[in-house]
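Engineer: just coords:
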């Protein structure tokens with residue numbers, strides 16, 4: 001069983017005012033087959049966690065460890081992390097002019113597996129996944145994300161996840177910019193992958209609406225670069241009713257629950 005373990009992770013980012021610490025001691029374990037929702041107000045560090053795990057050069061890890069199946073993730077290059085089984089669905093996917101969706105997907109699958117998939121089987125699997133996501137077959141010959149709508153970009157991200165078969169899928173604000181119909185389709189795609197029991201999902205979101213369709217096993221509240229409360233899906237229901245004010249004290253994050261309180265909560269769980 002694949003396991004991602006994050007221990008006391010500290011991350012900084014360079015700004016015009018100097019280096020700024022964003023993550024301030026994150027502890028988290030995600031096992032294969034589990035779905036963890038990371039929730040919190042804007043600016044709390046949720047996306048920083050996602051991009052730091054993926055190896056974005058903008059972010060500098062200054063302390064802590066990250067392992068996947070016992071292997072040091074922080075010592076891996078970005079492509080090595082992908083081959084190890086990590087997948088990131090980005091909040092703002094980039095355009096790749098001149099590369100078609102079909103070529104991109106097959107090249108990615110070849111790079112991860114080390115061998116090219118059987119062409120006939122690959123085409124069948126790709127068409128089946130596209131149909132399930134209600135993607136027009138002509139989409140396969142379009143350049144990656146070029147001229148895509150927000151919904152098309154997000155469906156393409158989930159298409160990648162279905163076809164590449166990662167051990168750990170990090171979904172950063174996958175619900176951002178989606179209308180209700182697109183949200184349902186994308187959520188169905190995530191749930192199909194979850195149903196295999198072969199992937200751990202780290203679902204990062206600001207709102208609870210996607211959790212109406214993707215029911216998490218665990219919910220973690222992120223405030224000011226650390227986890228301040230943890231629980232089951234009922235915690236997301238509370239956040240729907242109460243918001244984040246009880247963690248942030250309104251506009252300020254200075255009244256967030258101390259790390260010792262979180263540790264006590266874990267000890268009693």
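Structural biologist: Structure received. Everything numeric here is computed off the predicted structure, so don't read it as measured data. Numbers count the residues shown, from 1 in each chain.

Engineer: check contacts around the closest residue to residue 6 other than its chain neighbours.
Structural biologist: The spatially closest residue to residue 6, leaving aside those adjacent along the chain, is residue 28, at 4.4 Å (CB to CB, 6 or more residues apart in numbering). Where you see a C-beta, it was placed from the backbone N, CA and C, and this is true even at glycine. Applying CB atoms under 8 Å, 6 or more residues apart in numbering, we find residue 28 in contact with 4-6, 36, 220, 227.

Engineer: list the ones among the residues you listed that fall in strands.
Structural biologist: In strands, defined here by DSSP state E, the members of the contacts of residue 28 are 4-6, 36, 220, 227.

Engineer: circling back to that earlier point, which SS class is the residue nearest to residue 6?
Structural biologist: Here residue 28 takes the strand state, with states given by DSSP: H, G, I helix; E, B strand; the rest coil.

Engineer: check it and give its pLDDT.
Structural biologist: The pLDDT attached to residue 28 in the predicted structure is 97.

Engineer: look up how far residue 126 lies from it.
Structural biologist: 33 Å (CB to CB, to the nearest Å).

Engineer: still on that earlier bit, now the residue nearest to residue 6: how far from residue 68?
Structural biologist: Applying CB to CB, the value for residue 28 to residue 68 is 12 Å.

Engineer: my guess is residue 224 contacts residue 24. True?
Structural biologist: Yes. The pair residue 224 and residue 24 passes the contact test of CB atoms under 8 Å, sitting 6.9 Å apart.

Engineer: buried stuff in stretch 213-226?
Structural biologist: Along stretch 213-226, these residues count as buried under the neighbour rule (16 or more other CB atoms under 10 Å): 213-214, 216-226.

Engineer: just to revisit the earlier point, who touches both of residue 224 and residue 24?
Structural biologist: Taking CB under 8 Å, 6+ apart as the contact rule, residue 224 and residue 24 both touch residue 45.

Engineer: just to revisit the earlier point, could you dump the contacts of residue 28 into CSV with pLDDT added?
Structural biologist: CSV is the format used below for these (pLDDT from 0 to 100):
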residue, pLDDT
4, 97
5, 97
6, 98
36, 98
220, 97
227, 96
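
Engineer: between those residues, which is closest to residue 98?
Structural biologist: Taking CB to CB as the measure, residue 98 lies nearest residue 4 of the contacts of residue 28, at 34.0 Å.
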